[in-house]
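**Q** Sequence and predicted structure are below.
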Amino acid sequence: DTAVSQTPKYLVTQMGNDKSIKCEQNLGHDTMYWYKQDSKKFLKIMFSYNNKELIINETVPNRFSPKSPDKAHLNLHINSLELGDSAVYFCASSFGQGAYEQYFGPGTRLTVT
Amino acid sequence: DAKTTQPNSMESNEEEPVHLPCNHSTISGTDYIHWYRQLPSQGPEYVIHGLTSNVNNRMASLAIAEDRKSSTLILHRATLRDAAVYYCILRRWDKIIFGKGTRLHILP
């Protein structure tokens, strides 16, 4: 059984389009995250939600909007896609913040052409 | 703002211990030190974490300096499957800071 799943695995789209990436976890965790990994493999936190409340909101363009319908889901919607948005996006989940290990999803490779 | 500094890459022979260093001189009192690793085409995988004391688990050991400004991840007997990028991370409730990672090469 997959612990943290993301869909789609690959996403190829054109500049200016709007797209969503979905994330689901079946671990009963109360905190979920979105990370971006760029072409140099640097990982950076974008958002974290604890019990559906936004906790971390790094300096991400407001074209990116996370949505948490419930504790098991955290979706990422991106408006007006730009070339620089091309990256691998990882979802993760954990119990609480700070002291607990995170479980990562397999990643979604977004390519904007 | 806190940050972590790691060597870009390291090499080790198979079945020998590996010590992966991380500097985090601007760590704050509430920051936990986490280590994750990432195999090619996979999401990061938890290795170990600690706050002040040294920690051991089935995968590795974490040695934390007394002033907490540095830490070392220790793999006791490296295998080929340990070849990955290892990230040193500072975490607290409102902040997560990833280092740039150390690419570990294991020589058979």
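**A** Received it, and whenever you're ready, just let me know what you need. Numbering: from 1, shown residues only, chains lettered A, B, ... in the order given.
**Q** where does chain A dip in pLDDT?
**A** A:1 (pLDDT under 70).
**Q** and it, which of its residues are near chain B?
**A** Applying Cβ under 8 Å from any Cβ of the partner chain, we find that chain A lies next to chain B at A:4, A:33, A:41-45, A:48, A:55-56, A:90, A:92, A:96-99, A:101-107. To be clear about C-beta, it is placed using only N, CA and C from the backbone, and glycine gets the same treatment.
**Q** Please indicate which of the residues you listed are buried?
**A** A:4, A:33, A:43-45, A:48, A:56, A:90, A:92, A:97-99, A:102-107 (16 or more other Cβ atoms under 10 Å in any protein chain shown).
**Q** Contacts made by stretch A:104-113 with the rest, please.
**A** Contact partners of stretch A:104-113, identified using Cβ atoms under 8 Å, 6 or more residues apart in numbering or on different chains, comprise A:4-15, A:19, A:21, A:23, A:35, A:37, A:78, A:81-92, B:42-45.
**Q** Quick check: ChimeraX command selecting the buried ones in these.
**A** One line in ChimeraX is enough to select the buried members of these, burial here meaning 16+ other Cβ under 10 Å:
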select /A:4,6,11,13,19,21,23,35,37,78,81,85,86,87,88,89,90,91,92 /B:43,44
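**Q** how about the helices of chain B, start to end?
**A** Ranges of helices within chain B: none, based on DSSP state H.
**Q** pull the helix or strand with minimum mean pLDDT from it.
**A** Least confident helix or strand, chain B: strand B:95-98 with a mean of 92, by mean pLDDT, DSSP states H and E.
**Q** So which elements touch it?
**A** strand A:43-50, strand B:84-92 (3 or more Cβ pairs under 8 Å, 6 or more residues apart in numbering or on different chains; DSSP states H and E).
**Q** could I have the shortest one exported to CSV, CA atoms only?
**A** This means strand A:43-50. The C-alpha trace of strand A:43-50 is given here as CSV (Å, rounded to 0.1, in the frame of the first residue of the first chain):
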residue,chain,number,x,y,z
LEU,A,43,15.1,20.9,-2.4
LYS,A,44,13.1,23.8,-1.0
ILE,A,45,10.0,23.8,1.2
MET,A,46,7.1,25.6,-0.4
PHE,A,47,4.1,25.0,2.0
SER,A,48,3.2,23.0,5.0
TYR,A,49,-0.3,22.4,6.4
ASN,A,50,-1.1,21.1,9.9
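**Q** Relative to whichever helix or strand comes after that strand, what are the paired strands and their orientations?
**A** Downstream of strand A:43-50, the next assigned helix or strand under DSSP states H and E is strand A:53-57. As defined by DSSP bridges, the strand partners of strand A:53-57 come to strand A:43-50 (antiparallel).
**Q** And for the least confident helix or strand of chain B, what's in contact with it?
**A** By Cβ under 8 Å, 6+ apart, strand B:95-98 touches A:33, A:42-45, A:48, A:56, B:1-4, B:31, B:87, B:89-91.
**Q** Between the helices and strands packed on strand B:95-98, which one is closest to residue B:26.
**A** Residue B:26 lies closest to strand B:84-92 among the helices and strands packed on strand B:95-98, at 9.0 Å (Cβ to Cβ).
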